[in-house]
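# Below: sequence and its predicted model.
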Amino acid sequence: MASIIQGAGFSLSSFTATRPRRMAPVVRAEAINPDSNKDEPKLVLHTVDVTKLSKPVTSYCRCWKSGSFPQCDGSHVKHNEITGDNVGPLDLKK
C-alpha cells in the first residue's frame with residue numbers, strides 16, 4: 001500500500017502528517033446472545049407454522065434477553081429502559 005501511495009507522487013508519511021487523525025468513539029461491545037445455541041455458527045429463528053400455534057398471538061423475542069427464548073417474556077422493557085432502545089417482540093397471529 002505504501003509503495004502505491006509513494007508511486008503516486010507523495011509519501012505515506014506526508015499523507016498521514018497532513019490529514020488530521022479522527023478517533024472513533026470507544027464502545028463497549030456486549031454479546032446480544034449470551035447463551036442460546038452458542039455451538040451454532042449463526043442462530044436463526046426456526047420457521048413457524050402459524051396455523052399450529054396454540055394461542056391466538058404468540059410473541060417471539062427480538063432483544064435476546066428473554067429467559068424463555070425464543071418466546072418473549074417481556075425482558076425487552078428493562079432492556080429498553082437501560083439502553084434507550086425501542087425493540088419489541090415479534091408477534092405471530094394465528
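Here it is on my side, so go on.
# how about the strands of this protein, start to end?
With strands called from DSSP state E, the chain shows them at 57-60, 90-93.
# Poorly predicted segments of the chain, please.
In the predicted model, the chain carries pLDDT under 70 at residues 1-31, 33-34, 45-46.
# ok, now with 90
Residue ranges of the chain with pLDDT under 90: 1-54, 62-64, 69-70, 79-87, 93-94.
# any idea which helix is longest in it?
Selection of the longest helix in the chain by residue count, based on DSSP state H, yields helix 75-83.
# Pull out the buried residues from that one.
Ser75, His76, His79 (16 or more other CB atoms under 10 Å). Yep, even glycine has a C-beta here, placed from its N, CA and C like the rest.
# residues making contact with it?
For helix 75-83, the external contacting residues (CB atoms under 8 Å, 6 or more residues apart in numbering) are Cys61, Arg62, Cys63, Lys65, Ser66, Gly67, Asp85, Asn86, Val87, Gly88, Pro89.
# Could I have the CA atoms of that helix written out in CSV?
Backbone C-alpha positions of helix 75-83 (Å, rounded to 0.1, in the frame of the first residue of the first chain) are rendered in CSV as follows:
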residue,chain,number,x,y,z
SER,A,75,-37.4,-8.6,29.1
HIS,A,76,-37.2,-6.0,26.3
VAL,A,77,-39.0,-3.5,28.6
LYS,A,78,-36.0,-3.4,31.0
HIS,A,79,-33.5,-3.5,28.1
ASN,A,80,-35.3,-0.5,26.5
GLU,A,81,-35.2,1.5,29.8
ILE,A,82,-31.5,0.8,30.3
THR,A,83,-30.3,1.4,26.7
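# returning to what we had before: so which of the contacts of helix 75-83 is the most crowded?
When neighbours are taken as other CB atoms under 10 Å, the top entry among the contacts of helix 75-83 is Cys61 (23 neighbours).
# So that one sits against Cys72, correct?
Yes - contact between Cys61 and Cys72 holds when scored by CB atoms under 8 Å: they sit 4.6 Å apart.
# so what's in contact with these two at the same time?
Pro89, Leu90.
# ok, back up a step: can you tell me which of the buried residues of helix 75-83 is nearest Val50?
Val50 lies nearest to His76 out of the buried residues of helix 75-83, by CB to CB, at 21.3 Å.
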